[in-house]
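Peer 1: take this sequence and fold it.
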Amino acid sequence: MILSLQIALKFHLGSNNNVLISLVSLISIISITIGVAISIIALSTINGFKYELSHRILAIVPHVEIEPVNTSFIDWSTVSKRIRQIPEIICINPYINFSGVIEFNNKWHVVYVRSINLTKNVDENTLSYFIEKDFSWKYFCENTEQIILGKGISDTLGIKVGDWITILIAHNFRMDNKLLSSKKVRLQVAGILNLNSQLDYNIAIMSLLDAQHLYHKTSDITGIAIKINDIFSANRIVCKIEKILNHQVYVRSWMDTYGYIYRDIQMVRVIVYLSMILIMSISCFNVIATLILSIKDKNYDIALIYALGGQNILIRRIFFWYGLIIYIISGVVGTGLGVFTSFKLTSLIAICNDLIGNKILSKGIYFINFLPVKINGWDILSVLGITLLLGVVTSWYTVLKTKKVDLYKMLK
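Peer 2: Coordinates of the predicted model:
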């Protein structure tokens, strides 16, 4: 095996004398390298979108929600106790969510207010990463009439931390026709929530107790927010909750609202793998052509090896290594190029945004407004493994189908 590899390397070095073989071999290496690099970059980007979905969007969106079918949800504490037996549930928090219209300096903007239970410091650690500087949870206290606004809203209306805003809300968060009865409340902006996503343009956060005081509700709530340890098992948790709760409640998961993003991510991942295999398969024809041309070009050398006592299996191993070396070089170079580009991709996209003057991922359109990248070692190994597997199959199949050299004709 070592002898055949050494001879294959010498054949590669000697192929520089044949311009056609060198050109076809170079085209093969370049095409496979580009295919490997693009596959790694695409998969890293897909992993980045999946990571941001789970750690950015779902930092504010509950994994599972329970809401009443009837007009009140006074017995929510009983419901919470019954579902705590599910081991996958991390925490359970009541909430009051409502819609309103913000007014500031004669400018208006629709907002969806989510409340959090500050008596349980569950969401603090997660949300703190996305709240801009000059904010402290200890100042975001209950009964202080404070609110946290999304950055998109604050930028649109020109609101800064410390400003007082007016919100037009319904008298009752359960009213069907909210426009017939409404009231104005004054709240101070305590912080700016910057998720770099669509949510920045319609989300606001306030404490649960403040929301209850706004509606004069001490026991009634909108629903229950549930955090689970595995966000991708949310639908299974929903089924468990529905089996436990026999009375009328509406249970939904984040899959019902943002599941399309996850499904799109998984679909694109499959498309990337299929595209990579297709590109590699097309590149195989270049490698096959290189092997056939090299075997014809090295007929005299092959005849000498036969004359010196070499067996047919040695010739096959030599040209097997000859073709596989192309895939090894392409795979290693493509992997390095793909990993390097993935690390720099976010900054490269930012530079492109500055040059063209527009966001490639526009704010308010995509669920995040930047291109995330997260490199996964298993994806790199799978891409490299598929490349080498195709190299092994292509090289060995081509060698097996090559006719044996006529020793008499070559040496006479």
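Peer 1: show me the helices in the stretch 151-300 of the chain, by range?
Peer 2: 151-157, 208-214, 234-244, 255-297, 299-307 (DSSP state H, counting those that start in this stretch).
Peer 1: so which of these comes closest to residue 324?
Peer 2: For residue 324, the closest of the helices of the stretch 151-300 of the chain is helix 255-297, at 9.2 Å, according to Cβ to Cβ. Placement of C-beta: from N, CA and C, glycine included.
Peer 1: what packs against that closest one?
Peer 2: Judged by 3 or more Cβ pairs under 8 Å, 6 or more residues apart in numbering; DSSP states H and E, helix 255-297 is in contact with helix 19-55, helix 312-356, helix 377-400.
Peer 1: could those helices go into CSV alongside mean neighbour count, mean pLDDT and distance to residue 277?
Peer 2: Below are the helices and strands packed on helix 255-297 laid out as CSV (neighbours: other Cβ atoms under 10 Å; pLDDT from 0 to 100; distance: least, Cβ to Cβ, whole Å):
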stretch, mean neighbour count, mean pLDDT, distance to residue 277
helix 19-55, 20, 85, 9
helix 312-356, 18, 83, 14
helix 377-400, 17, 85, 7
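Peer 1: which one of these lies nearest to residue 11?
Peer 2: helix 312-356 (5.7 Å).
Peer 1: if we can go back for a sec, nearest to residue 81, out of the helices of the stretch 151-300 of the chain?
Peer 2: helix 234-244 (10.6 Å).
Peer 1: now do the buried residues in that closest one.
Peer 2: Buried residues in helix 234-244, counted by 16 or more other Cβ atoms under 10 Å: 234, 237-238, 240-241.
Peer 1: out of these, who's nearest residue 89?
Peer 2: Checking these against residue 89 by Cβ to Cβ gives residue 237 as the nearest, at 7.2 Å.
Peer 1: go through the buried residues of helix 234-244 and name the one nearest residue 398.
Peer 2: Ranked by distance to residue 398 (Cβ to Cβ), the buried residues of helix 234-244 are led by residue 234 at 49.3 Å.
Peer 1: contacting residues around the nearest residue to the closest one once chain neighbours are set aside?
Peer 2: Counting by Cβ to Cβ, 6 or more residues apart in numbering, residue 234 lies nearest to residue 253, which is 3.6 Å off, once chain neighbours are set aside. Taking Cβ atoms under 8 Å, 6 or more residues apart in numbering, we find residue 253 in contact with 63-65, 234-235, 237-238, 259.
Peer 1: measure residue 253 to residue 193 for me?
Peer 2: 23 Å (Cβ to Cβ, to the nearest Å).
Peer 1: do the same with residue 219
Peer 2: 28 Å.
Peer 1: now render the helices of the stretch 151-300 of the chain as TSV, adding distance to residue 198.
Peer 2: TSV is the format used below for these (distance: least, Cβ to Cβ, whole Å):
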stretch	distance to residue 198
helix 151-157	8
helix 208-214	23
helix 234-244	20
helix 255-297	10
helix 299-307	64
